[in-house]
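Enquirer: Predicted structure and sequence below. I'll ask about it afterward.
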Protein chains: 2
Amino acid sequence: MSHPVACCYLKTGRALMSTQRPDARQLPSRRIADDLRQAIETGELLPGARLPSERELAGQYGTARNTAREAIRLLTDEGLVIPEHGRGVFVRRESPLIRLGNDRYSHKYRESGLSPFLLECAKQGKTGRFEVLSIDQAQPSAEVARHLRLPMSEPSVLVRENVFYADQDPVHRVTTYIPWTIAEGTGLLNPEVGHPYGIHGILEERGHTMTRLRESVSARMPKPEETRYLHLPPAVPVLDVLHLSIDQDHNPYELTRFVMRADLTGLLYDTPIE
Amino acid sequence: MSHPVACCYLKTGRALMSTQRPDARQLPSRRIADDLRQAIETGELLPGARLPSERELAGQYGTARNTAREAIRLLTDEGLVIPEHGRGVFVRRESPLIRLGNDRYSHKYRESGLSPFLLECAKQGKTGRFEVLSIDQAQPSAEVARHLRLPMSEPSVLVRENVFYADQDPVHRVTTYIPWTIAEGTGLLNPEVGHPYGIHGILEERGHTMTRLRESVSARMPKPEETRYLHLPPAVPVLDVLHLSIDQDHNPYELTRFVMRADLTGLLYDTPIE
DNA sequence: GAGTGGTCTAGACCACCTA
DNA sequence: AGGTGGTCTAGACCACTCC
C-alpha cells in the first residue's frame, strides 16, 4: 500500500498509456487491485480486515473515486473481498466446507437418525436443519421425466422443495421428484417426514431399495432467484447436482436436484473401481 | 425493449428515487438489466444475438452511458451475456458439458486406448487432446503430503502438469502428484507417456492397482492465473477436484488436482451404495 | 453527523473490429 | 472511418452504519 499520488493524467483526463502494450497492467484500476491483492495474499491484510475506503484509495493513487471503485470490483469479482454498505470493504474469510458425501445414503447412517449433512455440520460446530418449502403433485419437465423414465401415459410426480441451513445460513436448495405411482398413499406427502434421507425408509417399504446412485455435477453462477433464496454474496458460484436413485431392479425411482452454495459446501465421493 | 426516454432525473443528477423502498428495482440500471434479461429468457434475444449498444441503451432509457454499462455488467456477472471488445455484447451460448465420469479409471477403457475424456469429446464432435506442461521432482505441500500419507523422512514427489483441450479450448488444468519412491525409475518422468490414464498402467506394474478413488469436489471463482491458463470468459466458475487413488492395500498412491472450466465440463458419478 | 459503499451524470480518450 | 466496448474524470446525491 505505497504509491502515493501516482497521477498520470493530464487535465482533460487524457491518459498517457497510449504507448503501452494492449493488455498492460499499467491501468490505474489494475494497479490498485494488484497492490491490494498482493497485500491480501501476503497476509498484510488478514481475513476480516478492512481495506482503505474508496475515497482513501483514490487519494493515495491520485485517481478518481470511480477508479478505486473499479479496483475493488475486480477483487470482489474474484471473491477475495466483500463490500458492506456503510461499513467498508473487507477481506473475505474462508469457511471450511461442509462436504456432502456419497455415503450419505449408506445404511450405516440409517439407524443413527442423523443424516451426514447434520453430522458434517456438527463436526464444524454448526447446527444443521432444514425446512420444507412445499410438497406438491405436478407434471414433470421433460428432463425429469426422462431421468425417471416416466411413460407418457402417467407423467405425474411428487415434488418436494426443501432448504437446508447451517446455523442461520441457507446452504442447499433441494428439489426432490418421485413418480406419483410410488409416492401415492405414503407419508411422503407429509411434511413431518424427515426428508433428508428419511424418505428412503419409506421408499424401501414401497419396494425400492437404493443400490446405486448416479449424480451429475456442474457449477455455475447462481440465477438472481437463487441469489435471493440462498442469500448469496457476490462471486459465489453454486454446485448444481442432479442425483438419481437406482433400485435393486436397476430402475430409477427418485430424482433430486441440489443447488448448493459453493463457498460453504462441497461434495465427496468415495467409490470402488469397477 | 420498450421504455424510450424514461428520464427521471433533474438537471444536477438528483434522483427522484428517494421515496422508494431500499432494495427497489426502480434503479435505472436494474430496469435496463431486467428488461434485457427478460428479453433473453423469453427468447426475444436468442443465444448469439447482439444486444443494443451501450450508447443505444443509454439513449433509449434516457440515462448516461455508464448506467447502461452498469446494466450490462449485471448481466455479465450472471453469465447471461458476454461483451466483446469492438464488436458488441452478445447473448451467451450454452455448450453441452463434457462430463468426466468416475468410470474413467475403469479397466474397461484400458484396452480401448481412449480415455473417457477423449470419448466424451468425440461424442460431441470435438477433438480432445492434452499437453504436458512440466514434469518435476519437488517437495510436496503439507496438503499433498497429508493426502498421500508421506512420511516426513522422504517427502519428495513427482509432479506432472497437464492441460486438456477440447478443440482449441483449454478446459482442464491437471496436476498429478506421485510419491517419488513409486515414480522413481519408471516411464513417468517421460512426457511421452499418455498421461490421462496411461500412468495407471505404469503404476500397476509398480504394484499399485486402483481399487478405490476418493474425490472431493468444490467450485469457486478462478484465480487470475487460472483465468489466463484456461482463457476463461467472465462469470465462469471452476470445478476444483482433488482426486486420490487408493490401491489394493488401502493405501493412497496418487493424487491429482483437476481445475475444470465449469461452462464446458462437468462430473458424473455412478456408484454402488455400500 | 461523519464516514462508508451504491448509483448516477456528462463528458473524455483509448483499443478493437468491421467495412 | 465509424461504431463498439474499456477506462477514466470530477463531480453529485443516496442509503446505510456507527458513534
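Expert: It's in.

Enquirer: which regions of the stretch 101-250 of chain A sit below the pLDDT cut-off?
Expert: A:111-113, A:154, A:192-197 (pLDDT under 70).

Enquirer: Which parts of it are helices?
Expert: A:116-123, A:142-147, A:180-183, A:195-205, A:224-229 (DSSP state H, counting those that start in this stretch).

Enquirer: Looking at those, which is nearest to residue A:162?
Expert: helix A:195-205 (5.3 Å; CB to CB). The C-beta positions use only the backbone N, C-alpha and C, and glycine is treated the same way.

Enquirer: relative to helix A:116-123, how tilted is the closest one?
Expert: Calculated by axes from the mean of the first three to the mean of the last three CA atoms, to 10 degrees, helix A:195-205 forms an angle of 150 degrees with helix A:116-123.

Enquirer: List of residues touching helix A:195-205?
Expert: Contacts of helix A:195-205 from elsewhere in the structure, counted by CB atoms under 8 Å, 6 or more residues apart in numbering or on different chains, are A:104-105, A:109-110, A:115, A:117-118, A:130, A:132, A:160, A:162, A:164, A:174, A:176, A:178, A:182, A:186-188, A:193, A:210, A:245, A:253-254.

Enquirer: So what would you say the end-to-end distance of stretch A:162-182 is?
Expert: 20 Å (CA to CA, to the nearest Å).

Enquirer: near chain B at all, it?
Expert: No - using CB under 8 Å from any CB of the partner chain, stretch A:162-182 stays clear of chain B, coming no nearer than 13.1 Å.

Enquirer: Number of residues surrounding residue A:100?
Expert: The number of residues packed near residue A:100 is 26, by other CB atoms under 10 Å in any protein chain shown.

Enquirer: Over to residue A:49?
Expert: By other CB under 10 Å, the residues close to residue A:49 number 16.

Enquirer: Would you report the backbone torsion angles of the nearest residue to it once chain neighbours are set aside?
Expert: In space, and not counting its chain neighbours, residue A:49 is closest to residue A:91: 5.0 Å by CB to CB, 6 or more residues apart in numbering or on different chains. Backbone geometry at residue A:91, expressed as degrees, to the nearest 10, gives phi -70, psi 130.

Enquirer: got it, and the one 3 residues further on?
Expert: Here is the backbone geometry of residue A:94 (degrees, to the nearest 10): phi -100, psi 130.

Enquirer: For it, list the residues it contacts.
Expert: Contact analysis of residue A:94 by CB under 8 Å, 6+ apart lists A:47, A:263.

Enquirer: 10 Å - rerun?
Expert: A:47, A:79, A:263, A:264, B:220 (CB atoms under 10 Å, 6 or more residues apart in numbering or on different chains).

Enquirer: coming back round to it: reformat the helices of the stretch 101-250 of chain A as CSV; add mean neighbour count and distance to residue B:123.
Expert: Formatted as CSV, the helices of the stretch 101-250 of chain A follow (neighbours: other CB atoms under 10 Å in any protein chain shown; distance: least, CB to CB, whole Å):
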stretch, mean neighbour count, distance to residue B:123
helix A:116-123, 19, 33
helix A:142-147, 15, 17
helix A:180-183, 20, 32
helix A:195-205, 18, 33
helix A:224-229, 14, 29
